Structure formats: structure tokens, C-alpha cells
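Q: need a structure here:
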Amino acid sequence: MSADFVMAFDFGLRHIGVAIGQTVTGTASPLTTLTARDGRPDWLVIAALVHEWRPAALLVGLPLNMDDSESEMSARARRFAATLGQRARVPIHFVDERLTSHASRAAGPARAHEHAAVLIAEAWLASRQRDGGPGLLRSEPRDQRPLRLHVSLQPLPDTIDHGGAEAGPA
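A: I've put the predicted structure just below:
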């Protein structure tokens, strides 16, 4: 596994956004939007992405209600994360993702989910830098509350340059 990368997922019933985060720079880039059927992705495609990038951690957005309670979508995201963790054998971390889909709508419907995954990755990376330095990856207890994400509702630019992560891992 590479401590240089984390992979973030914006879970949805029809689409799952994927982004790659760089632990050294604390930035993330959109990778792709996967098609899902009732929340079930093509696990072979996810396995190929994990194999290609070899992330040190997988981040899954947890859709919480505004009062911090969990919903049916939260439960489904947790089931997705459990299966993802079993298949990939990479540590899973949850990130409170409320408002990410709204904040990423400016990217357009075709790319909104992967841009939401970018927000999830960058929030987690920023929290690691604040809590212990760039690239710090430590295990978290499974019952720990997800990292709270604060997003700006400003439109995203048409293009985002995060150091060329789209070209694949070095």
C-alpha cells in the first residue's frame, strides 16, 4: 500500500463518485463516477481502482441528517463500506458528507458525485494535517463518530488542477 494516496467514495444508489487524495499535498482529484444498481457497484471495477492506486485508506462519505442522526442512506453507506473493507482489506474511515452533493452540483450532473468524493477526501486529509502532520494515517475505533465536513456552497470552477493525479500513480 502507498501512504501517498487515499481513495474517497461518495456513495449513492445509482452513482458512486470516486476521488483520489494525496497525503503529501492534502489535495484530491476526481477519478470517476461508477454506476450502481440499488447501491450495488461493479466490485470488479472498484477492485481494479484499488489495485491500481494502492491507497493506504478508503474514505466513505456518511450521509447524516442535519440533526446528526443517521438515515436509511447512512445504513446503506455503512453496508457499502463494510463490504468495501472486506474486499479491499484496506482501512475504512467515514466522513460526514452532508451538503457535499449540493456543493458539487456546479460541476454538472455527470461529475457531481466524483467532485463530492473530492470534498470528502480533502476534508479527511485536512483533518489529518491538523491532528498530526501531513499523511498521518492512524486506525480509528469503528464506533468513532465520522469526521464532520464543512463545505462552502460556492460554485466549483469548471476545471480543477490538483497536480496531475489523473495520470495515475507514479
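Q: CA only for contacts and neighbour counts going forward, please
A: Fine.
Q: name the residues of whichever strand in the chain runs longest that are buried.
A: Ranked by number of residues, the top strand in the chain under DSSP state E is strand 27-37. Of all the residues in strand 27-37, those buried under the rule 16 or more other CA atoms under 10 Å are 27, 28, 29, 30, 31, 32, 33, 34, 35, 36.
Q: so where's this protein shaky on pLDDT?
A: By pLDDT under 70, the low-scoring segments of the chain are 1-3, 99, 101-102, 105-107, 131-170.
Q: in it, which spans are strands?
A: Going by DSSP E, the chain shows strands at 2-10, 15-22, 27-37, 40-41, 55-62, 92-96.
Q: return the list of helices and strands in contact with the shortest one.
A: The one in question is strand 40-41. Packing partners of strand 40-41 (3 or more CA pairs under 8 Å, 6 or more residues apart in numbering; DSSP states H and E): none among the helices and strands.
Q: mind listing what that strand pairs with, with the direction of each?
A: Sheet pairing of strand 40-41 (DSSP bridges) gives strand 27-37 (antiparallel).
Q: same question, the fifth one
A: Based on DSSP bridges, the strands next to strand 55-62 in the sheet, each with its direction, are strand 2-10 (parallel), strand 92-96 (parallel).
Q: the inter-axis angle of it versus strand 15-22?
A: On the basis of axes from the mean of the first three to the mean of the last three CA atoms, to 10 degrees, strand 55-62 is oriented at 140 degrees to strand 15-22.
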